[in-house]
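Undergrad: I'll drop the sequence and a predicted model, then ask my questions.
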Amino acid sequence: CANPGTVGWLKAGEPLCVTADGGAEVKGGIIFADLPANLLGSFVMGLMQTTDTMKLPKAFPIAWLRADHRFQGSSIIHLAIRTGFCGSLTTFSSWNSEMVVMMLGIGQNVNEGSLFFRGLLGYLIGVETALASFVLGKNLAKYIHNRVNPALHIENEQMKLKKKCGTFINTQLSDYERRFLSGYNMREFDQYIDLCSSEFLSDWRISTERNRRVGDSLLPLLKDIEYQALVLGNSLKKENTMSAIEAGWNIEALEDWVNSKKNLHIQDEKISATEFKMFPAVMIFMSLGALLVAGLVFVNGDDAYSTTYRTMIYSGIFAPSGALLRWKLSGWNGTTETCGWFPLGTFIANLLACIVSTTTIGLEHQLLGSNNFWAIGTVRAIKIGFSGCLSTVSTFISEVNSFLHSSQSVHGYIYITTTLTSCFTFGALFYYIF
C-alpha cells in the first residue's frame, strides 16, 4: 500500500490494503499489515487443539467434535490445517520485518522523533492479540466440546473435584474403566454396569487406590500395567507382575477383569484412521501448481490489480517449499540436551524466515523504481511466499500458551524474549548488509 508506481502497489483506499505497512513514514504503523491474518490463523489453531492440551478427560484429536466422529481419524487433514493452513496464513517474518523497518527509522521524518518505542509496542501488540485469538479459539472449542459430548462434560466436572484431591486420571483408558477406576459416580453416565459385573475391576481399584495419586512413586508402573492390560490387552511382563505383587496390588483381579470384560461390550468405538493416498495428493498438488504457472503467464496486465495478483500467484509457487521446510524443522523441537523444553525447530524456522525477509526488503530498495516484474516480482515472491510460509505465528503462540499453562511458566517468557530479540537482531543486521 506504499511506494506508488512500483510492482504490486495499490492505493491505500483499495480493498486489499487493510492496514499500514509498518513504514516509518506512516504514523501509527504499529498496527501492521499482517495482523488480521495472524489473528485468524491463531484463532483457527486454538480451535483445532486436541483434548489433551485442554486437560479434558478423554484424549482425541479434535476437541470440538464428538469423540466418535469419523473426522477424528483424519490425522493427515489435521496436520494440513494446523501446519499447512494456520502456519502459512500467519507470518512471523513479515511482522518482524515491518517492526525492523520502523525501529531503524527507514523513511522517518526527523521532526517526528524516533519510532523505536512504537516498534516495541508493535511486537507487544502482535504477541498479545495473537495469544488472545488463540485462547478465544481454544475456549470456543471447549464450549462446543461440552455441548456435543455431554457425558464427557459431566466427567470433566467430576474430574476437577478429583484433581483437587490429587487423584490421578488415566485418560488412556476406555470411558467406563477410566470413570470407574477414578471413583466417579457411575450412575450419572448412561454406561452403567452393576457392581457384580465389575467385581474384579473393583478389587483392582481398591488395591491400587493409595498409589493412584499424582506424584506417587509407583504411578508410572501403574500406568504402564493398565496400558498394557486394559488398552492393548497384552499379557503383563514378568517384572511388572512381580513389582505389582510387591506393591500389594491384586494382579489376579486385573487379569480376571480383562478376561471377563470381553462379554460386557464396554469398549469405546474405535475410529478407523483415514488412509492417506499418495497418488491423488500428488495429482492435486500438480494441478494446483499448473494453475499457478498458468496464472503467472496469463495474468500479465499493466494495471495495479493485475500486477498485484500476479505477484501473489508468483508467491504461491514459493509457498510449499517454505511450509515443507518448516514442517521438517519441527522435528528438532525438544532435541537440545541442555534445554529439552525449547522448540528449536520453530525458533530456527522463524529466525531463518526473518533473515530472508529483511534481506529481500533490502534488495527491494535497490530495485526501487524498476518496472521489471521478474526482478522485483521474484524478490517479493520469495519474501511473501517462501519466508511467509516458512515462518509461523500460530505455532509460536501455541507453544507459548503451553508454556504459560505449565509448571514452568517462565519458559514462555524466555521463549518470547529469545525469539523476538534474535529475529530483530539478525533481521536488522542482514537488512543493513543488503
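TA: Looks like it came in fine. Numbers count the residues shown, from 1 in each chain.
Undergrad: and Leu351, which of the three is it?
TA: Here Leu351 is helix, with the state taken from DSSP: H, G, I helix; E, B strand; the rest coil.
Undergrad: what's the burial count for it?
TA: 22 (other Cβ atoms under 10 Å). Just so you know, the C-beta spots here come from the backbone N, C-alpha and C atoms, and that holds for glycine as well.
Undergrad: list the contacts for it?
TA: Thr419, Ser422, Cys423, Phe426 (Cβ atoms under 8 Å, 6 or more residues apart in numbering).
Undergrad: skipping adjacent residues, who's closest to Ser243 in space?
TA: The spatially closest residue to Ser243, leaving aside those adjacent along the chain, is Leu221, at 5.7 Å (Cβ to Cβ, 6 or more residues apart in numbering).
Undergrad: could you look up the SS state of the one you found?
TA: Strictly by three-state DSSP, Leu221 counts as helix.
Undergrad: which ones are touching it?
TA: If you count contacts by Cβ under 8 Å, 6+ apart, Leu221 has them with Asn240, Ser243, Ala244, Ala247.
Undergrad: excluding its backbone neighbours, what's nearest Glu226?
TA: Asn170 is the one closest to Glu226 (Cβ to Cβ, 6+ apart), at 6.0 Å.
Undergrad: do the same with Gln72
TA: Ile271 (4.7 Å).
Undergrad: element containing that neighbour?
TA: Per DSSP states H and E, Ile271 falls between elements, in no helix or strand.
Undergrad: roughly how far apart are it and Ala323?
TA: Counting by Cβ to Cβ, to the nearest Å, the gap from Ile271 to Ala323 is 27 Å.
Undergrad: cool, Trp341 as well?
TA: Trp341 is 25 Å from Ala323, by Cβ to Cβ.
Undergrad: now Ser422
TA: For Ser422, the distance to Ala323 - Cβ to Cβ - is 22 Å.
Undergrad: of those two, which one has the most company?
TA: Ala323 (22 against 16).
Undergrad: what element comes up after the helix or strand Val379 falls within heading to the C-terminus?
TA: Element membership for Val379 (DSSP H and E) is helix 373-381. Scanning forward in sequence from helix 373-381 by DSSP H and E, the next helix or strand is helix 388-390.
Undergrad: tell me the mean pLDDT over that following helix?
TA: Taken as a whole, helix 388-390 has a mean pLDDT of 95.
Undergrad: list the helices and strands it packs on?
TA: Applying 3 or more Cβ pairs under 8 Å, 6 or more residues apart in numbering; DSSP states H and E, we find helix 388-390 packed against helix 87-89, helix 92-104, helix 304-329, helix 344-366.
Undergrad: what's that helix in contact with?
TA: So helix 388-390 is in contact with 87-88, 91, 93-94, 315, 318-323, 325-326, 349, 352-353, 356-357, going by Cβ under 8 Å, 6+ apart.
Undergrad: repeat for stretch 396-412
TA: 42, 45-46, 49, 53, 92, 127, 130-131, 134-135, 138, 341-343, 346, 350, 415-416, 419.
Undergrad: ok, stretch 149-163 next?
TA: Contacts of stretch 149-163 (Cβ under 8 Å, 6+ apart): 56-58, 66-67, 145-147, 169, 175, 179, 182-185, 188-191, 214.
Undergrad: output it as PDB, nothing but the C-alphas.
TA: Taking C-alpha atoms only, stretch 149-163 is exported to PDB below (Å, rounded to 0.1, in the frame of the first residue of the first chain):
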ATOM      1  CA  ASN A 149     -20.100 -34.600  24.400                       C
ATOM      2  CA  PRO A 150     -22.400 -34.200  27.400                       C
ATOM      3  CA  ALA A 151     -21.200 -37.300  29.200                       C
ATOM      4  CA  LEU A 152     -17.600 -36.100  29.000                       C
ATOM      5  CA  HIS A 153     -18.700 -32.700  30.300                       C
ATOM      6  CA  ILE A 154     -20.200 -34.400  33.300                       C
ATOM      7  CA  GLU A 155     -17.000 -36.400  33.700                       C
ATOM      8  CA  ASN A 156     -14.900 -33.200  33.400                       C
ATOM      9  CA  GLU A 157     -16.800 -31.600  36.300                       C
ATOM     10  CA  GLN A 158     -16.200 -34.600  38.500                       C
ATOM     11  CA  MET A 159     -12.600 -34.700  37.300                       C
ATOM     12  CA  LYS A 160     -11.900 -31.200  38.600                       C
ATOM     13  CA  LEU A 161     -13.000 -32.300  42.100                       C
ATOM     14  CA  LYS A 162     -10.900 -35.400  41.900                       C
ATOM     15  CA  LYS A 163      -7.800 -33.500  40.800                       C
END
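Undergrad: please name the residues that touch Arg99.
TA: Actually, residue 99 is Met rather than Arg. Gly22, Phe32, Gly119, Gly122, Tyr123, Gly126, Phe424 are the contacts of Met99 under Cβ under 8 Å, 6+ apart.
Undergrad: for Ala428, see how far away it is.
TA: Taking Cβ to Cβ, one finds Met99 at 10 Å from Ala428.
Undergrad: okay, helices next: where are they in the stretch 1-150 of the chain?
TA: 35-47, 75-79, 87-89, 92-104, 116-148, 150-164 (DSSP state H, counting those that start in this stretch).
Undergrad: to Phe279, which of the ones you listed lies closest?
TA: helix 75-79 (14.1 Å; Cβ to Cβ).
Undergrad: which residues in the stretch 201-350 of the chain form helices?
TA: 219-226, 238-246, 251-260, 278-298, 304-329, 344-366.
Undergrad: and among those helices, the most buried is which?
TA: helix 344-366 (a mean of 22; mean count of other Cβ atoms under 10 Å).
Undergrad: and the angle for that one with helix 92-104?
TA: 60 degrees (axes from the mean of the first three to the mean of the last three Cα atoms, to 10 degrees).
Undergrad: begin at 27 from now on, thanks
TA: Happy to do that; since the first residue is 27 now, the last one works out to helix 370-392.
Undergrad: before we move on, the earlier item: turn the helices and strands packed on helix 414-416 into TSV, columns for distance to Phe226 and mean pLDDT.
TA: Putting the helices and strands packed on helix 414-416 into TSV (distance: least, Cβ to Cβ, whole Å; pLDDT from 0 to 100) gives the following:
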stretch	distance to Phe226	mean pLDDT
helix 113-115	48	94
helix 118-130	54	90
helix 330-355	46	92
helix 370-392	46	94
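Undergrad: dump those to a markdown table, plus distance to Gly315.
TA: Shown next, in a markdown table, are the helices and strands packed on helix 414-416 (distance: least, Cβ to Cβ, whole Å):
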| stretch | distance to Gly315 |
| --- | --- |
| helix 113-115 | 15 |
| helix 118-130 | 23 |
| helix 330-355 | 7 |
| helix 370-392 | 22 |
